[in-house]
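Novice: Fold the following for me, if possible:
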Amino acid sequence: MGGLDKGRLPFQGVPLAVRAVRLLAGLFQEVILVTNNPEAYPELSGSALLAADLYQGCGPLGGLHAGLVASSRPAALCLACDLPNLSAQFIRRQTGLFLERDCDVLLPRVRGEIEPLHAIYRKSLLGRIEGILSDGQGYSIRRLFPLARTEYLDLEDEPEVLRMFTNINLPEDLDALRGQP
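Specialist: Now for the predicted structure:
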């Protein structure tokens, strides 16, 4: 996105991160936005705890770490801010399944592809995450899954499911989404 803060990109008149926080605030008592630019989100004052990466430059795994450190809960739903079609109904279902299963990570999977930035993680994984962040072997969030009790939520390959996991990586992606019904 040419260095732009994806969370500030407007979709239907509201910045992506603000949309996500508003949806989550209706579902959870605690919402944390991990950002290294907290001053860019004055409208979230009081509705979300803002946390910054403790391990800088480590991508999504560093963000997951920062969110879990900031959380007062035993587990947290981790969402990318560039998912404009989040579904409260699906998040409720995902959360319910996580509570039923004895796992550390619950990952949605569609067409064999996992969605690690729409997943639930236990805070007890912090030690393993810190090990990955500091071992010099790379910061892929996927390295965590074999080290944890990871379960998959297999979803049907349907348009509404695919739409829910559509993210924004390029300006053209945002333009295409803005044109959707």
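Novice: Spatially central residue in this structure, please.
Specialist: Leu79 (1.5 Å; Cα atoms, centre = their mean).
Novice: Next up, phi/psi of that residue, please.
Specialist: Dihedral pair for Leu79: phi -120, psi 140, per degrees, to the nearest 10.
Novice: Then Ala51?
Specialist: Per-residue torsions, Ala51: phi -130, psi 150 (degrees, to the nearest 10).
Novice: Isn't the residue nearest to the centre of the chain up against Leu117?
Specialist: Yes - applying Cβ atoms under 8 Å as the test, Leu79 and Leu117 come out as touching, 6.3 Å apart. Bear in mind the C-beta positions are built from the backbone N, C-alpha and C, glycine included.
Novice: what ranges do the helices span in this structure?
Specialist: When secondary structure is read from DSSP state H, the chain shows helices at 16-25, 59-70, 88-100, 126-134, 159-164, 171-178.
Novice: Flag the shaky bits of this structure, pLDDT-wise.
Specialist: For the chain, the stretches with pLDDT under 70 are 1-3, 171, 174, 177-181.
Novice: Try it again at 90.
Specialist: Applying pLDDT under 90 to the chain flags residues 1-13, 36, 45-47, 81, 159-160, 162-163, 166-181.
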